[in-house]
Every structure is written in C-alpha cells, then in structure tokens.
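K.L.:
My questions are about this predicted structure, shown below with the sequence.
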Amino acid sequence: MNDRAVELLEQYEIEVLRTRKGRGAILCDTNLGILILKEYSGSPDRIELQNKLLKQISDAGLVKVESIIPNREGTLVVKDGDGAGYVLKTWRDGRECSLYDRAECAEAVQLLARLHDCMRLPGDTLNLPLAFSLEKEYDKRNRELKRVRKYLQQKKQKNWFEINLRHTLDAFLEQALAVTEEWKAYCPAAGEGTGTDFVEFCHGDYQYHNILQGSDGWFLVNFEKYLRDDPVRDLYLLLRKLLEKVNWSVSLGTELLEAYEKQRPIAAGSWIDLYYRLAYPEKFWKIVNFYYNSGKAWIPEKNQEKLERVIAQEKEKQHFLDEVFRNVGRLRRS
C-alpha cells in the first residue's frame with residue numbers, strides 16, 4: 001500500500017499515535033483503539049449496505065465484528081490524489097482461528113451460525129444486490145474445464161503436470177457436470193432467501209484468516225465479499241478448507257455440522273444445497289483455473305503437489321459425502 005495513504009488519516013476525527021504495515025493495509029494505533037486502513041474499489045452503494053449489515057450485527061450483540069469509521073464529513077470511503085479509495089475500520093490484535101484445534105473449529109462454526117441469524121435485511125431495503133447465481137457460476141466453471149481439456153488434447157508437448165491433469169480431467173469434468181445438473185434440479189431457488197419479507201446475506205469469505213481470537217474473545221473481519229446467497233455458502237467454505245486439511249474426516253465434519261445446528265438448524269433445502277456445494281470438485285477447478293490463466297512455461301512444484309493431493313483425497317471425500325449426507329436422497333424427494 002502507498003505510504004501516502006497515511007495522510008488520509010487526517011480526514012478522520014482521531015488521534016493517530018503510530019502506524020505500522022499490515023497485510024496489504026496500514027494498522028493505526030489511535031485514541032479509539034487499533035484501526036486498519038485498507039484500499040477499497042467497490043461502489044458507494046455497496047459500502048453503505050456493508051455498513052448497514054455490520055451495524056445490524058453489532059446491535060444484535062451476538063457476534064463481535066468490525067465497524068467502518070466515517071470521516072469528519074460522514075463519508076465511508078476516502079480517496080487519495082490518484083483517485084484510489086480507502087476505508088478505515090476497527091481492528092483487534094489477535095491470532096487467527098487454528099485449523100488444527102477441533103474445539104476452536106467448533107467455536108468458529110457456532111459463531112457463524114449466530115452471525116447468520118443477524119445477516120437478514122428487509123426485502124424492500126434500498127440498493128439490494130442481485131442474489132448470487134450458483135447455477136451461472138458452475139456453468140462458467142464447467143465451460144472453462146472443457147476449454148482446458150480441449151487445449152490439453154491439442155497440445156503436443158506436455159510436462160508431467162499436464163499429463164497428470166489431462167489424465168484426470170475427464171473424470172472430474174464428468175463429476176462437475178453431474179453435480180451441476182442435479183443442483184439445478186433440486187436447488188432452483190437457492191440464494192433467493194427463505195421468504196419475500198427479507199433477504200439473507202453471507203460473509204462471503206468466512207475462513208480462519210478472518211476469524212480472530214483476541215483478549216476479549218472472537219472478532220470477525222473482512223466483510224468486503226459479502227453477498228446474497230444461502231447461508232450454507234459460508235459453512236461450505238469453512239468446512240471444505242478444514243476437511244481438506246484432515247483428509248475429509250467424517251467425525252470432524254459431523255461434529256462441526258452438529259455444532260452449527262445447535263445454534264441454527266439447517267433447512268432441508270439448504271442441507272441439499274450444502275451437499276452439492278461440497279460435491280462439486282471446486283479444488284480441482286481452482287488448480288485448473290490457475291494453470292490455464294497463468295504462464296505455462298514453468299509449473300510451480302506446489303501446484304503439482306496440490307493436484308496430487310486432490311486426486312489422492314477423492315476417495316475419502318466421496319466416503320465423507322456418503323456417510324454424512326446419507327439422507328440427502330430422502331430429503332430430495334420430500
């Protein structure tokens with residue numbers, strides 16, 4: 001971040017004691033506590049709605065979350081001389097949620113359930129964004145998988161990574177297409193909310209980086225990717241990242257889902273939606289997407305390791321889905 005952005009702090013009714021660089025941001029020790037100045041490229045309407053959601057969550061008192069600090073004129077986004085936007089938010093010093101501590105993971109899931117109870121807005125709220133379309137997203141990903149398959153079929157000289165990718169792509173593409181078609185059949189209204197009087201929102205990036213443990217408990221940050229979608233989107237993201245680390249442990253997955261449902265029961269339709277989100281080969285698509293949209297002269301060894309891991313875990317992932325979601329067939333028919 002440009003150090004000149006620090007000058008923007010003069011627009012706020014705060015006393016800055018010192019500043020320090022954070023991850024793509026500037027941390028500020030102030031008379032109001034620790035604040036963080038980050039770049040912002042979204043629209044004014046989007047940041048206003050984000051602020052509305054954060055205030056609603058904070059007022060509910062169930063979860064501690066960041067808040068956006070307005071400048072002296074009441075503006076949420078300030079701009080530097082080059083026109084780049086910045087947002088000042090509250091922050092806490094603390095560590096990220098540990099992926100390897102089962103108790104902390106369960107706490108993170110319960111925290112998420114409480115968060116979801118606060119992330120509803122009236123259906124007549126001004127400037128509501130369109131609901132996210134998972135159908136369109138899956139169709140887009142599937143088209144990309146087909147393009148990469150064609151590219152690899154036509155490529156003469158292939159390195160080890162490309163040979164391995166080509167060898168496994170057909171099976172994962174077939175899986176992606178099947179999941180997409182079934183999702184369309186059973187979850188056509190996903191993301192539209194559960195009623196006409198309100199709409200539901202997700203954090204959008206609910207993972208351990210954004211779940212901080214401070215001296216006064218948990219604190220959630222980085223809501224910039226919030227969106228309208230079924231709340232299981234957040235649960236799916238956290239579950240996938242955790243389960244990939246532990247080889248799709250059935251016991252951990254069951255424990256985390258039970259922890260969430262103790263706070264917020266999952267409706268039958270959302271349960272089916274969660275199943276298909278987990279069933280879609282997203283990690284494989286991410287590897288393909290990175291490969292196809294970056295330089296192909298040299299493939300990082302880390303990418304090869306990721307591909308091997310996804311292939312090796314596929315059997316365990318399918319076992320997890322079969323064990324944890326064995327009642328999906330009954331729910332789909334209900």
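P.N.:
All right, it came through fine. Numbering: from 1, shown residues only.
K.L.:
Could you find the closest non-adjacent residue to residue 280?
P.N.:
Nearest residue to residue 280, sequence neighbours excluded (CB to CB, 6 or more residues apart in numbering): residue 179, at 4.7 Å. All C-beta spots, glycine's among them, are computed from the backbone N, C-alpha and C.
K.L.:
Run through the strands of the stretch 201-334 of the chain in chain order.
P.N.:
211-214, 217-220, 227-228 (DSSP state E, counting those that start in this stretch).
K.L.:
ok, residues contacting the last one?
P.N.:
With contact meaning CB atoms under 8 Å, 6 or more residues apart in numbering, strand 227-228 is reached by 128-132, 191, 193, 199-202, 204, 233.
K.L.:
try the second one
P.N.:
Outside of strand 217-220, the residues that reach it under the criterion CB under 8 Å, 6+ apart are 63-66, 92, 94, 97, 107-108, 111, 115, 203, 210-213.
K.L.:
Give me the subset of the contacts of strand 227-228 that lies in helices.
P.N.:
residue 233 (DSSP state H).
K.L.:
Taking the contacts of strand 227-228, tell me the two that lie furthest apart.
P.N.:
128 and 233 (17.0 Å; CB to CB).
K.L.:
higher neighbour count, those two?
P.N.:
More crowded of residue 128 and residue 233, by other CB atoms under 10 Å: residue 233, with 25 against 15.
K.L.:
Phi, psi for residue 182 please.
P.N.:
Note on residue 182: its backbone torsions stand at phi -70, psi -40 [degrees, to the nearest 10].
K.L.:
Please list all residues in contact with it.
P.N.:
Here residue 182 is in contact with residue 276 (criterion: CB under 8 Å, 6+ apart).
K.L.:
And the pLDDT at it?
P.N.:
We have a pLDDT of 93 for residue 182.
K.L.:
Look up how far residue 320 lies from it.
P.N.:
Remark: distance between residue 182 and residue 320 (CB to CB, to the nearest Å) = 18 Å.
K.L.:
same question, residue 51
P.N.:
Counting by CB to CB - residue 51 and residue 320 are separated by 38 Å.
K.L.:
Have a look at these two and say which one is more surrounded.
P.N.:
residue 320 (21 against 16).
K.L.:
just checking, the more buried one touches residue 251?
P.N.:
No. Using CB atoms under 8 Å, residue 320 makes no contact with residue 251, being 10.1 Å away.
K.L.:
show me what contacts residue 166?
P.N.:
149, 152-153, 158.
K.L.:
Filter those residues down to the ones in strands?
P.N.:
Applying DSSP state E to these, no entry is found in strands.
K.L.:
and those residues, which are buried?
P.N.:
149, 152 (16 or more other CB atoms under 10 Å).
K.L.:
In TSV: the contacts of residue 166, plus distance to residue 324 and pLDDT.
P.N.:
Listed next are those as TSV, based on distance: CB to CB, whole Å; pLDDT from 0 to 100:
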residue	distance to residue 324	pLDDT
149	30	97
152	33	95
153	36	96
158	37	91
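K.L.:
Flag the shaky bits of the protein, pLDDT-wise.
P.N.:
The chain contains residues with pLDDT under 70 at 1-4, 188-196, 329-334.
K.L.:
if we go to 50?
P.N.:
Counting by pLDDT under 50, the chain shows low-confidence ranges at 193-195.
K.L.:
Do you have the helices of it handy? List them.
P.N.:
With DSSP H as the criterion, the chain has helices spanning 44-60, 102-118, 134-154, 160-186, 232-245, 250-263, 268-279, 282-292, 301-324, 328-333.
K.L.:
will you turn the ones you listed into TSV that also has distance to residue 79?
P.N.:
Shown next, in TSV, are the helices of the chain (distance: least, CB to CB, whole Å):
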stretch	distance to residue 79
helix 44-60	11
helix 102-118	30
helix 134-154	32
helix 160-186	41
helix 232-245	31
helix 250-263	40
helix 268-279	37
helix 282-292	32
helix 301-324	37
helix 328-333	49
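K.L.:
For residue 8, which of those is the nearest?
P.N.:
Across the helices of the chain, closest to residue 8 is helix 44-60 (CB to CB), at 15.3 Å.
K.L.:
Mind giving me the packing neighbours of that closest one?
P.N.:
Under the contact criterion of 3 or more CB pairs under 8 Å, 6 or more residues apart in numbering; DSSP states H and E, helix 44-60 touches strand 68-69, helix 102-118, strand 120-122.
K.L.:
buried residues in it?
P.N.:
Buried, per 16+ other CB under 10 Å, within helix 44-60: 46-47, 49-51, 53-54, 57-58.
K.L.:
repeat for stretch 263-282
P.N.:
Buried residues in stretch 263-282 (16+ other CB under 10 Å): 263-264, 266, 269-282.
K.L.:
Repeat that for stretch 79-95.
P.N.:
Of the residues in stretch 79-95, those buried (16+ other CB under 10 Å) are 84-92, 94.
K.L.:
give the contact list for residue 51.
P.N.:
By CB under 8 Å, 6+ apart, the neighbours of residue 51 are 68, 76.
K.L.:
any idea how far it lies from residue 272?
P.N.:
33 Å.
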